[in-house]
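S.K.: pasting the sequence and the predicted coordinates here, then a few questions.
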Amino acid sequence: MAGLFCLLLVANSCQTAKTPEEITLVFWDELTQGNIETAKKYATPDTQHLVTQQRQVNENSSLETGQIAIKGLNAYVETIITPTATDDYRPVLSFNTVLLKDNNQWQVDYRQTLNNISNNPFSGVFKSLEDFGETFKEQLEQQMPLIEKELETFGDILKQQLEEFGRSLKNLKPLPPAKQQPNDDAI
């Protein structure tokens, strides 16, 4: 009996040892897969009713976490959800998933998390601009040899035209000096 009790105690401590990052990843993965009832188990009891069929993300979206801040019984996990290529109309979501620690277990405070999502409407725009800049940079780097060749050709043409202009100036005959008109007022 004592062995069974120890086994249960060890198994229970493994469940409570989940980090805020692990809980965040499992919660959002379950939610994106449409496993609403499973996702609710990772939410705080008072916010479970908010985890509904209205999914925030497509099931094929990629999920990443960034910085994690733990302040007492609260944790904030930077969450980045990137839609699939077929979901180009959906912006990248970047927000903090908020977790609360209760009975030594981390749970998603879905109300605060939803507030973070709704208060950060431009995060996807900034990420999209960053991606655009990176794409532009890559394309510019690919085109640089062609641009350099075009500039070199333009420089050669300009140099040739300047040389021709210089030769045409040398071939010009100087104008005779202008005669000065006598001044009738002079004594």
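M.R.: That came in fine, so what should we check first?
S.K.: hey, let's count contacts and neighbours off CA atoms from now on
M.R.: Noted.
S.K.: run through the chain and note the low-pLDDT ranges.
M.R.: Under the criterion pLDDT under 70, the flagged ranges of the chain are 1-17, 53-58, 85-90, 120-134, 136, 180-187.
S.K.: name the single longest helix found in it.
M.R.: helix 123-170 (DSSP state H).
S.K.: name the helices or strands packed onto that one?
M.R.: For helix 123-170, the helices and strands in contact under the criterion 3 or more C-alpha pairs under 8 Å, 6 or more residues apart in numbering; DSSP states H and E are strand 93-102.
S.K.: buried ones in stretch 156-166?
M.R.: By neighbour count with 16 or more other C-alpha atoms under 10 Å, stretch 156-166 contains no buried residues.
S.K.: how far off centre is that stretch?
M.R.: Here the centre of mass of C-alpha atoms in stretch 156-166, compared against the chain's by C-alpha atoms, centre = their mean, to the nearest Å, lies 48 Å away.
S.K.: picking that back up, just the angle for the longest helix of the chain relative to strand 93-102, thanks.
M.R.: Angle of helix 123-170 versus strand 93-102, following axes from the mean of the first three to the mean of the last three C-alpha atoms, to 10 degrees, is 150 degrees.
S.K.: wait, what's in contact with Glu59?
M.R.: 32-34 (C-alpha atoms under 8 Å, 6 or more residues apart in numbering).
S.K.: that's a helix at Tyr76, yeah?
M.R.: No: going by DSSP: H, G, I helix; E, B strand; the rest coil, the assignment for Tyr76 is strand, not a helix.
S.K.: pretty sure it contacts Ile70?
M.R.: Yes: between Tyr76 and Ile70 there is a contact under C-alpha atoms under 8 Å: 6.4 Å.
S.K.: give me the element Glu30 is part of.
M.R.: helix 20-32 (DSSP states H and E).
S.K.: elements contacting that helix?
M.R.: helix 36-40, strand 62-71, strand 74-82, strand 105-108.
S.K.: out of those, which comes closest to Leu175?
M.R.: strand 74-82 (75.4 Å; C-alpha to C-alpha).
S.K.: other SSEs contacting the closest one?
M.R.: So strand 74-82, by 3+ C-alpha pairs under 8 Å, 6+ apart, packs with helix 20-32, strand 62-71, strand 93-102.
S.K.: gap between it and the chain center?
M.R.: That offset, for strand 74-82, works out to 14 Å (C-alpha atoms, centre = their mean).
S.K.: repeat that for stretch 50-70.
M.R.: The answer for stretch 50-70 is 16 Å, by C-alpha atoms, centre = their mean.
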